[in-house]
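*Asks:* here is my input, please return the structure:
(2 chains)
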Protein chains: 2
Amino acid sequence: MKIALAQLNFIVGDFNGNRSLILHHVQRAKAGGADLVIFSELAICGYPPLDLLESGFFVDSCIRSISQLAKELPADTGVVIGGPEYNEKAEGKLLYNSAYFLLNGKIEQSFRKSLLPTYDIFDEYRYFEPNREFSILEYKGKKIAVTICEDLWDDQPVENRFSRERLYTRHPLEELMKSGPDFVINIAASPFAASRMGIKQHIFTNKAKKHQVPVFMVNQVGANTELIFEGGSLIASPNGTVYQQLSLFNEDLFIADLDDVKRSTPGTAEISYDRIALMNDGLALGVRDYFQKSGFTKATLGMSGGIDSAVTLAIATQALGSENLHILMMPSQYSSDHSVADSEQMAKTLGVRYDILSIRELFDLYREVLKPVFGNRPEDVSEENIQSRIRATLLMALSNKHGHILLNTSNKSETAVGYGTLYGDMAGGLSVLGDVYKVDVYALAKYINRHQEIIPENIITKPPSAELRPGQKDADSLPGYDVLDAILELYIEKRYSAEQIAEEGFDRKLTEQVIRMVNTSEYKRYQTPPILRISSKAFGVGRRIPIVGRY
Amino acid sequence: MKIALAQLNFIVGDFNGNRSLILHHVQRAKAGGADLVIFSELAICGYPPLDLLESGFFVDSCIRSISQLAKELPADTGVVIGGPEYNEKAEGKLLYNSAYFLLNGKIEQSFRKSLLPTYDIFDEYRYFEPNREFSILEYKGKKIAVTICEDLWDDQPVENRFSRERLYTRHPLEELMKSGPDFVINIAASPFAASRMGIKQHIFTNKAKKHQVPVFMVNQVGANTELIFEGGSLIASPNGTVYQQLSLFNEDLFIADLDDVKRSTPGTAEISYDRIALMNDGLALGVRDYFQKSGFTKATLGMSGGIDSAVTLAIATQALGSENLHILMMPSQYSSDHSVADSEQMAKTLGVRYDILSIRELFDLYREVLKPVFGNRPEDVSEENIQSRIRATLLMALSNKHGHILLNTSNKSETAVGYGTLYGDMAGGLSVLGDVYKVDVYALAKYINRHQEIIPENIITKPPSAELRPGQKDADSLPGYDVLDAILELYIEKRYSAEQIAEEGFDRKLTEQVIRMVNTSEYKRYQTPPILRISSKAFGVGRRIPIVGRY
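*Replies:* I've put the predicted structure just below:
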């Protein structure tokens, strides 16, 4: 039996587009001799549909689209594809998250997801009833266990100190193995996290080895708002190695012969990854899809002369092409000369259009206008924020006038501690680096410069500064980024307490100060743009902390 | 047996504060002769703790606080109180959402929540394992069924066309009734929705009547960020009437004699409410608690001369006192004279400090500075947005300099259709009216003026306008608010499709246009401030729609 893995990039709710893409790949697979073609989880509508699943007309469109697809398929070619299914029972959630098996014009069978991830960015129990009954697909003399994403994640390594490896009391594959399937299908929509690629591989190779059965996993590729899906669909051999991995960050189609996979010649035991290269490629895909899927082509951003805007610009150029960027440099009386010079150099290297708009007069006029309410109060963070908000207003004006989306350039470290201005440098349609710690922003800069100096060396080597008052440096108000980032990661990703962080060797007082900065800036992060997620715990929909509280 | 219902206002994570409040009310109840004192769901930490439940140190603090409370209780007084509990089994979610029974220094027993609401603003399966084993509390010769909030909502009326009355396959009270309890306790954290007060009452009176058993429901009161809890704790008699309802929007303690309740003298069959009065009081509580619980006292807002800012100012004055408000009027060349005059009149009536800052020169200077990027392009929405963003920058400057929180004044109708400027009039720390449709904003204005003219009549009667270009009126780009709001409610709250809305008698083309405006402005709402929730479906955490997609 020849099995095709079709790893595609879907647009949520684009039923006609998604169905065409699916059909096209069924035809390609059939031309390659495939008996069975596998698509990803909820492929018919694209993942994640979120609360669109609470609208009858959306779910009906999904089901109509599945039926139509079945009719349009070439004869004698089986298709496994994800889509929502109504729960016909009188009680429980209205839907199942299902894998449909289509053959010769008909929906032959469906298989329902048992384990519904409801943590981090996942809210599946919001929509779906868990499956409790197991059946096997029989096709062309083979017995096939059809599972959906989390169904194979009943035993998963966790990074968070307080999480659990066994989140579920059911074990779908154990149930299905009782029927002695020839192979396992897993249709997935498993989002990207740079640090979890190895964990993902092992989920599938471990299951294959444990049950001595091949596993064919098809993941979605592409980005939908903040979530990036890396693809990397995978065939695990019964000996626990990787028979084949599909492309990362690109659509792909691969046809495998079941007997070859079963023969279990030693495959790759351990795929190795360059974490920073993954981040770069993932972020570029995230930016590209945000624009393409929204029907936009052009971006703007404010280039400060610092490393964050430089890396954002480099990634945006990879994603959109330099011809689609129009950036602004907006110096004030506090800007150093090199800030504009470095920025110009980079824009010229990349061939990106730029304008230099001084904010000096606007800043002076604001202070003039504000005299009745400022009185004789000394300068403070208020004046710094005004500068930042002038810049956002100028960038948004360009964006509104010319149809550019403003890219936000904040990194995860400053977003974490609230070192940013709401409606100022925190503005934008999409945050490119909001899930990248500052130390990784530097690593990305080096990666971007691996072949040629795209980011001027001076931007990488000078001490970071917001340049909102004379001589200001980040180091005046923040610890070194190596220390800060390590504390933040223990607190945010790993959920350590201050005490537990101090036990790792960090200064207790500093740790408490950092945690306090994180906790008191929740109100700012509530209003940040969507942040492209590249870690196991990004700010945004996957992290829900009360704004009001004492903690 | 005398049973006390203690309806209190907790701060999330304030363990010492919450425990003192609880102890104080146990002592009051004991002084009143109570044998048993009941507190609300997750009272020990305050509801909703959200992802704080994913931190070990937070959960440990909850459990320590419960133990300490048990030790501090007066002798011979039973307490039922909500808190998280560890799941000792090796598999499943790490926690239960439990009701602890405390007596004579010890945690005697715990009862776990079976039905975990995971819809709208609720994400309980994110944290908790559902209970599947039922036991009864025996105390002073009585058998007591202890349930937690949703446990009694296994059969609930729904507003959304696509939702389900029976979301669960388990029915906790049916299980518990097998043991023949003398009465039922329900500890709750059930948030306010102005239109669902009747539904809430019937949940409890229906269960009481069906099983011929008294129900004692204790709800949390107070607001935590966007969620308002109205209190309104309730004793339902076995005859299906309301024996007693506790205060709305205030803390309350009530002691009932079980025999009196059982005697079932006819109580109130149907509590009636003034929906607009409820909204007013709920919003005032929402504002008050947002400030008090964050340690802030002072607010600012921009007063445009329109009805939204007028109603927001009136509610803020109720919540915070006029002495804690400092507002700005910020006329431009397009502002009508009466806008400032009406605003001044209202500020004077209320005794609120105000300043008038013209944005004219700033607006001119922005256009000057932007010439290199604007070129000769005609004026459009870009110039309108600049005015709005200048105002936000001035308001935030006042806020930053003096420690005021900026209140957002957008209503639900304009938030829905994207009729607002990001980082402009959409800015603020808290949105007061973001869940109030424009027609209800008018109704609130009339309610506010019921005793005296607080809001100048001219503000209520003049046609709404953003005054961002000469002669602009809302009616130029939007349908009448009565029609718009009706369409929006069918689409947002009730999940009708365009077709279904048209079947209700609305123009199909207009309906599609409105839906399109809602769908294409998701990206703006992603960045709005927290919105005080007063409906069954508010923008914010309870509504999760993809930004990128075709729908």
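*Asks:* return the set of buried residues in the lowest-mean-pLDDT helix or strand in chain A.
*Replies:* Sorting the helices and strands of chain A by mean pLDDT, DSSP states H and E puts helix A:474-477 at the bottom, at a mean of 82. By neighbour count on 16 or more other CB atoms under 10 Å in any protein chain shown, the buried set for helix A:474-477 is A:Asp474. (Glycine included, C-beta is placed from N, CA and C.)
*Asks:* and the next helix or strand past it?
*Replies:* helix A:481-492 (DSSP states H and E).
*Asks:* returning to that earlier point: can I get the CA coordinates of the least confident helix or strand of chain A in CSV?
*Replies:* Only the C-alpha atoms of helix A:474-477 are listed here, as CSV (Å, rounded to 0.1, in the frame of the first residue of the first chain):
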residue,chain,number,x,y,z
ASP,A,474,18.8,49.7,29.3
ALA,A,475,21.4,48.6,31.8
ASP,A,476,20.5,51.6,34.0
SER,A,477,17.1,50.1,34.9
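*Asks:* tell me the helices and strands packed up against it.
*Replies:* Helices and strands touching helix A:474-477, as assessed by 3 or more CB pairs under 8 Å, 6 or more residues apart in numbering or on different chains; DSSP states H and E, are absent.
*Asks:* which ones are touching the residue nearest to A:Met1 when sequence neighbours are not counted?
*Replies:* Spatial nearest neighbour of A:Met1, excluding adjacent residues (CB to CB, 6 or more residues apart in numbering or on different chains): A:Leu258 at 4.5 Å. A:Leu258 makes contact with A:1-3, A:142, A:182-183, A:214 under the criterion CB atoms under 8 Å, 6 or more residues apart in numbering or on different chains.
*Asks:* can I get those in JSON lines including pLDDT, neighbour count and secondary structure?
*Replies:* Formatted as JSON lines, these follow (pLDDT from 0 to 100; neighbours: other CB atoms under 10 Å in any protein chain shown; DSSP: H, G, I helix; E, B strand; the rest coil):
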{"residue": "A:Met1", "pLDDT": "97", "neighbour count": "17", "secondary structure": "coil"}
{"residue": "A:Lys2", "pLDDT": "98", "neighbour count": "17", "secondary structure": "strand"}
{"residue": "A:Ile3", "pLDDT": "98", "neighbour count": "26", "secondary structure": "strand"}
{"residue": "A:Lys142", "pLDDT": "98", "neighbour count": "16", "secondary structure": "strand"}
{"residue": "A:Asp182", "pLDDT": "98", "neighbour count": "17", "secondary structure": "coil"}
{"residue": "A:Phe183", "pLDDT": "98", "neighbour count": "22", "secondary structure": "strand"}
{"residue": "A:Pro214", "pLDDT": "98", "neighbour count": "25", "secondary structure": "coil"}
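*Asks:* residues touching the residue located most distally from the centre of chain A, list them.
*Replies:* Going by CA atoms, centre = their mean, the residue of chain A most distant from its centre is A:Asn376, 47.2 Å out. Listed by CB under 8 Å, 6+ apart, A:Asn376 has no contact partners.
*Asks:* over to A:Met1?
*Replies:* A:Met1 neighbours (CB under 8 Å, 6+ apart): A:35-36, A:140, A:142, A:257-259.
*Asks:* quick check: it vs A:Pro238, distance?
*Replies:* 15 Å (CB to CB, to the nearest Å).
*Asks:* swap in A:Ile492?
*Replies:* 39 Å.
*Asks:* who's more crowded, those two?
*Replies:* Applying other CB atoms under 10 Å in any protein chain shown to A:Ile492 and A:Pro238 shows that A:Ile492 carries more neighbours, namely 22 against 19.
*Asks:* I'd say that one and A:Val518 touch.
*Replies:* Yes - counting by CB atoms under 8 Å, A:Ile492 does reach A:Val518; the two are 7.2 Å apart.
*Asks:* tell me which element A:Tyr523 is part of?
*Replies:* Counting by DSSP H and E, A:Tyr523 is part of helix A:522-525.
*Asks:* near chain B at all, that helix?
*Replies:* Yes - counting by CB under 8 Å from any CB of the partner chain, contacts between helix A:522-525 and chain B involve A:Tyr523.
*Asks:* what mean pLDDT does that helix have?
*Replies:* Averaging pLDDT along helix A:522-525 gives 97.
*Asks:* what does that helix contact?
*Replies:* Contacts of helix A:522-525 (CB under 8 Å, 6+ apart): A:415, A:418, A:420, A:422, A:426, A:539, A:545-547, B:429.
*Asks:* so which of those is the most crowded?
*Replies:* Most surrounded of those: other CB under 10 Å gives A:Leu422, at 30 neighbours.
*Asks:* how close does that one get to A:Arg525?
*Replies:* 10 Å.
*Asks:* before we move on, what about A:Lys401?
*Replies:* For A:Lys401 relative to A:Arg525 (CB to CB), the value is 29 Å.
*Asks:* go on, A:Ser135?
*Replies:* 45 Å.
*Asks:* compare the two (neighbour count), which wins?
*Replies:* A:Arg525 (21 against 15).
*Asks:* can you give the contact residues for the least confident helix or strand of chain A?
*Replies:* Here helix A:474-477 has contacts from A:419, A:463-466, A:481, using CB under 8 Å, 6+ apart.
*Asks:* again, only using 10 Å
*Replies:* With CB atoms under 10 Å, 6 or more residues apart in numbering or on different chains as the test, helix A:474-477 has contacts from A:306, A:413-414, A:417, A:419, A:438, A:463-466, A:469, A:480-481, A:484, A:517.
*Asks:* what's the spacing between A:His48 and chain B?
*Replies:* One thing to correct before we go on: residue A:48 is Pro, not His. 7 Å (CB to the nearest CB, to the nearest Å).
*Asks:* then A:Gly46?
*Replies:* 7 Å.
*Asks:* who touches that residue in this structure?
*Replies:* By CB under 10 Å, 6+ apart, A:Gly46 lies in contact with A:8-15, A:17-18, A:40, A:52, A:189, A:220, A:222, A:224, A:293, B:546, B:548-551.
*Asks:* go again with 8 Å.
*Replies:* With the criterion set at CB under 8 Å, 6+ apart, A:Gly46 makes contact with A:10-14, A:18, A:220, A:224, B:549.
*Asks:* quick revisit: buried subset of the contacts of A:Met1 as a PyMOL selection?
*Replies:* Here is the PyMOL selection string for the buried members of the contacts of A:Met1, based on 16+ other CB under 10 Å:
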select buried, chain A and resi 35+36+142+258
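*Asks:* which of the contacts of A:Met1 fall in strands?
*Replies:* Judged by DSSP state E, those include A:36, A:142, A:257 as members of strands.
*Asks:* of those residues, which is the nearest to chain B?
*Replies:* Relative to chain B, the closest of those is A:Leu36; by CB to the nearest CB it sits at 28.9 Å.
*Asks:* buried residues, the helix or strand that A:Asp440 is a member of. List them.
*Replies:* Assigned by DSSP H and E, A:Asp440 belongs to helix A:438-448. Neighbour counts using 16+ other CB under 10 Å place A:438-445, A:447-448 of helix A:438-448 among the buried residues.
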